[in-house]
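*Asks:* Below is the sequence, then the predicted model.
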Amino acid sequence: MRIAHLYPRDLNVYGDLGNVITLAKRLEWRGFRAEILPVEPGQVFDFSSVDLVFGGGGQNSAQTANAEDLLARGDELRKISADGVPMLLICGSYQLFGRDFFDADGRHFPGLGIFRSRTTAGPQRMIGNIVVDSPFGQLVGFENHSGRTVLDEGQQPLGTVRQGFGNNGGTGEEGAVVGNTIGTYLHGPALPKNPALADHLLLCALQRRYGVEELEPLNDELAVRAATVATERPQGRQTTLRPRRRRLHRLTAALRRG
C-alpha cells in the first residue's frame, strides 16, 4: 500500500508524523506492506498509483511556503480525491485543501477547493484538547491554530465539538469531509488515539486496491485508554498574540519575501 506524505519536512508539528506511522503499523499488523512516499516541493511525483494521502500541519511560514507547490499539484489531487482515494489533512493542510486561505497579513492563498471552505487567520490562537462527536465515534486530539475555518452551506463537517474550539470556536463544527477526503484540526497525533478513524481510511484504501470488505480486529486497549485520558484533560483557551509578536511575524515574513 502506497501512502503519499505531503511535505513532511515542513508540515510536521505536534506529532503529525505519528499518523503516518499509525497507518503503516496497522497495515503491517494485518499482513500488508506499507510504502511511505514523501512529497517535497519541486519533486516530480505521480499520484495516480497512491492508495492514501496524508498532509500535516506546520508553522504559518512553512504552510504558505508550500502553498504554491501544492496548488500546482491541484489537478492530480482533485482527481484522485474524486476517485475515492482516502486522504487525511491536518490543520495547515486542511486549510489549503479548502477554497481560500488568508494569512495574518491579509495575503490571499488560493486553495485546492476540495473542501468548500474559507480560512482566515485571526488574532487569537485556539489551543487545547478537543473532543468531537463524529460518524467514527468520539474523536479526541489537540488543537493549536489561529485560522478560523468557515464551511460553505452544505459542506459536511467531520463532526460536532463537544469540548474545544473546532473550526472557528463559534459554529460548533470540526473539520470537513468530502467523499473519502477528511480535513481536521486534530493534532496529537490524531490517529493513535482514534483507531476507528485510522481503520476507516485503511478500509477505504484496501477496498479500492484489493476489494477488502472487512478489517481484521486489532487490540486497541492502549489507544482507548490514551483517548480516555486526553478526554479528561482540561479544555484549552484562546490566547491573544501580543502586538510585538505579530510585528515580529510580519517582519520575518517580509525578510523572507525580500
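*Replies:* Noted; the coordinates are in hand.
*Asks:* Now G141. Nearest residue, chain neighbours left out?
*Replies:* What sits nearest to G141 in space, not counting adjacent residues and going by C-beta to C-beta, 6 or more residues apart in numbering, is L186, at 3.0 Å. All C-beta spots, glycine's among them, are computed from the backbone N, C-alpha and C.
*Asks:* shaky segments in this protein?
*Replies:* Within the chain, the stretches falling below the threshold (pLDDT under 70) are 234-258.
*Asks:* Run through the bridge partners of L37.
*Replies:* When bridges are assigned using DSSP bridges, the partners listed for L37 are A4.
*Asks:* how far away is the closest residue to H108 other than its chain neighbours from P195?
*Replies:* Take H108 and drop its neighbours on the chain: the residue closest to it by C-beta to C-beta, 6+ apart is F102, 5.6 Å away. From F102 over to P195 the distance is 35 Å, taken as C-beta to C-beta, to the nearest Å.
*Asks:* And those two? Which one has more around it.
*Replies:* A side-by-side neighbour count of F102 and P195, using other C-beta atoms under 10 Å, places P195 first with 21 against 16.
*Asks:* List phi and psi for that one.
*Replies:* Listed backbone geometry of P195 is phi -60, psi -30, with angles given as degrees, to the nearest 10.
*Asks:* List the contacts of it.
*Replies:* 26, 218, 220, 223 (C-beta atoms under 8 Å, 6 or more residues apart in numbering).
*Asks:* Neighbours of H145, how many?
*Replies:* When counting by other C-beta under 10 Å, one arrives at 25 neighbours for H145.
*Asks:* err, G84, not the other one
*Replies:* G84 has 13 neighbouring residues, counting by other C-beta under 10 Å.
*Asks:* In terms of helix, strand or coil, where does it fall?
*Replies:* Here G84 takes the coil state, with states given by DSSP: H, G, I helix; E, B strand; the rest coil.
*Asks:* Report the beta-bridge partners for the nearest residue to Q95 once chain neighbours are set aside.
*Replies:* Distances taken as C-beta to C-beta, 6+ apart place T119 nearest to Q95, at 4.3 Å, with adjacent residues excluded. For T119, the beta-bridge partners under DSSP bridges are F101, T149.
*Asks:* Now do the contacts for T119.
*Replies:* Contacts here follow C-beta under 8 Å, 6+ apart; on that basis T119 touches 95, 98, 100-102, 147-150.
*Asks:* Which of the helices or strands spans D133?
*Replies:* Of the helices and strands defined by DSSP states H and E, D133 is found in strand 117-134.
*Asks:* same check, this time on G15
*Replies:* Element membership of G15, judged by DSSP H and E, is empty: it is in no helix or strand.
*Asks:* so it sits right up against L191, yeah?
*Replies:* No: between G15 and L191 no contact is recorded; they are 10.1 Å apart, counting by C-beta atoms under 8 Å.
*Asks:* More neighbours: which of the two?
*Replies:* Set side by side, G15 and L191 give different neighbour counts by other C-beta under 10 Å, the larger being at L191 (29 against 15).
*Asks:* all helices for this protein, in order.
*Replies:* Taking DSSP state H to define them, one finds helices in the chain at 17-28, 60-72, 74-82, 92-96, 195-210, 221-232, 243-257.
*Asks:* what does the shortest one contact?
*Replies:* Going back to what we said before, that points to helix 92-96. 6, 11, 55-58, 60, 62-63, 66-67, 70, 89, 101, 109, 111-112, 115, 119, 147, 149, 175-176, 183-185.
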